[in-house]
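Asker: Dropping the sequence and predicted coords here.
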Amino acid sequence: MTTMAAEPAVAHPMTSYNDVMAYLHSITITPETMLSLSDQLRFEAHNLHISKTLRRLDQLKNLRYDWDGNGATPVDREVIANMHSVIKHSEDKDWSFWVISPETNGTLNITSKKQMSSISLGIKEFSYYSFSADGEKTGSHLPFTPEAFVKTMRQIA
């Protein structure tokens, strides 16, 4: 078993250096936890865009009612689960041009940084639109499957 600091120690006026050091040395990490942390760091190093998207999704799942000050509903848990399944079916490069954001009705939206394209994800379906270089608009409303969503991302990115 390896002993190491796993969380920051906050100095308190009544806390001595020795108390802080004793606390830090009392934190233990099992070999299994160490491997899990190592795997996570390796994943994040090789999947920078997916890691950023997962962190953003973690933020969005914690939104509360009225998060926008105008009565917006929190992102639906099933929509969060759908986006997680999309991420599992995608590659890191798929996320290099997309930004994820909440919608006021509890759905999620991803918007392309590269061109005028957007995909809105709900519980059972998703919709998208995209403008081509010549200004032609395409769009549709489709039943949700992770594979169909990723295919659409790749087509309109």
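Answerer: On my side now, so go ahead. Numbering: from 1, shown residues only.
Asker: Point out where the chain drops to low pLDDT.
Answerer: Low-confidence regions of the chain, defined by pLDDT under 70, span residues 1-15, 29, 33-46.
Asker: One more pass at 90, please.
Answerer: Screening the chain residue by residue with the criterion pLDDT under 90, one finds the ranges 1-52, 54-55, 92, 114-116, 131-137, 157.
Asker: show me where it has strands.
Answerer: Assigned by DSSP state E, the strands in the chain fall at 2-3, 28-29, 98-102, 108-112, 117-121, 125-131, 137-143.
Asker: Mind checking those for the one nearest to Lys52?
Answerer: strand 98-102 (9.3 Å; C-beta to C-beta). (Glycine included, C-beta is placed from N, CA and C.)
Asker: quick one, what contacts the residue nearest the centre of the chain?
Answerer: For the chain, the residue nearest the mean C-alpha position is Leu54 (2.3 Å; C-alpha atoms, centre = their mean). In this structure, Leu54 makes contact with Ile87, judged by C-beta atoms under 8 Å, 6 or more residues apart in numbering.
Asker: Same question for Trp95.
Answerer: Neighbour list for Trp95: 49-50, 52-53, 87 [criterion: C-beta under 8 Å, 6+ apart].
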